[in-house]
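Chemist: The following block contains a protein sequence and its predicted model.
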Amino acid sequence: MKRPLLSAIALASLVICAPARADEDDKVPYWATIDTDLANLRVGPGDSYRIDWVYRRLHLPVKVVRREGPWRLIEDPDGTQGWMRDLLLSRQRGGIVKGKELVAMRVKPDDSAPIAWRIEPGVVGVMPEDCKQSWCLFDVNGHKGFVHETQLWGTGAP
C-alpha cells in the first residue's frame, strides 16, 4: 500500500513543479530576435490592433518587456515599443552594431588580435554564446569574429 501512495505523491510533485520551471524561462525582461523576414508590430496585444511598424530585418535584436498570452511587448534598438506575436520571435541572442564608425571584428577576444572584418553601424548578427570578459562572438551571415560588448546593442542584462 505504501509504495503506490509514495509513487502517486512523487508524480504529483513533479506535475506541480514542472510549471514553475517553465515560468522561469518566461520571466521578463529578456532578449530575443525577430525570427522572420517580415514581422508586424502592433499598438496592442491582438490581431485587431492597428499595425504600427513592419520589420523586415531577420535576427534584429529586441527586448521583451512584457507578456500577455501569445503576445509580447517588445522594445527595438531605437526604443520603439509595441506588441508582436511570440511566434515571430526567437530566444536566439542577437546584436546590432552601435555608434557611427566602423567596428573591428577580431579573430580572438583581444584588442591586439588581428582584425577579421570591419562592420558598419546597424549591422545585425547573432551571438551563438554568452559574451565573456566583455567580448562577444558575433556571427554576421557566417562571418564570425569577436566584438567588444560595448559596441553592440542586445548584450548584458536586458
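Modeler: Cool, got the structure.
Chemist: Looks like Glu149 contacts Gly156 (just checking).
Modeler: Yes: Glu149 lies in contact with Gly156 (C-beta atoms under 8 Å); the separation is 6.8 Å. Bear in mind the C-beta positions are built from the backbone N, C-alpha and C, glycine included.
Chemist: okay, the two: which has more neighbours?
Modeler: More crowded of Glu149 and Gly156, by other C-beta atoms under 10 Å: Glu149, with 19 against 12.
Chemist: ok, now which ones touch that one?
Modeler: Glu149 makes contact with Cys131, Ser134, Trp135, Cys136, Thr155, Gly156 under the criterion C-beta atoms under 8 Å, 6 or more residues apart in numbering.
Chemist: in the chain, which ranges drop under the pLDDT threshold?
Modeler: For the chain, applying pLDDT under 70 flags the ranges 1-26.
Chemist: so where do the strands sit in the protein?
Modeler: For the chain, the strands defined by DSSP state E occupy 30-34, 39-42, 51-55, 61-68, 71-75, 81-85, 89-90, 94-97, 103-106, 115-119, 124-126, 135-140, 143-148, 152-153.
Chemist: now the ones you listed in TSV, with mean neighbour count?
Modeler: Output for those, formatted as TSV (neighbours: other C-beta atoms under 10 Å):
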stretch	mean neighbour count
strand 30-34	22
strand 39-42	19
strand 51-55	14
strand 61-68	19
strand 71-75	20
strand 81-85	20
strand 89-90	17
strand 94-97	24
strand 103-106	20
strand 115-119	15
strand 124-126	24
strand 135-140	21
strand 143-148	19
strand 152-153	21
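Chemist: I'd like to know the beta-bridge partner residues of the residue nearest the centre of the chain.
Modeler: Nearest to the geometric centre of the chain sits Ala32, at 2.0 Å (C-alpha atoms, centre = their mean). Here Ala32 sits in beta bridges with Val62, as judged by DSSP bridges.
Chemist: Please give me every residue in contact with it.
Modeler: Residues near Ala32 by C-beta under 8 Å, 6+ apart: Pro61, Val62, Lys63, Val64, Arg72, Ile74, Leu89, Ser90, Arg91, Gln92.
Chemist: now do Arg118
Modeler: Leu102, Val103, Ala104, Met105.
Chemist: Please report how far the closest residue in space to the first one that isn't next to it in sequence lies from Val103.
Modeler: It stands for Leu102. In this structure, Leu102 finds its nearest non-sequential neighbour in Arg118, 4.4 Å apart by C-beta to C-beta, 6 or more residues apart in numbering. Counting by C-beta to C-beta, to the nearest Å, the separation of Arg118 from Val103 is 7 Å.
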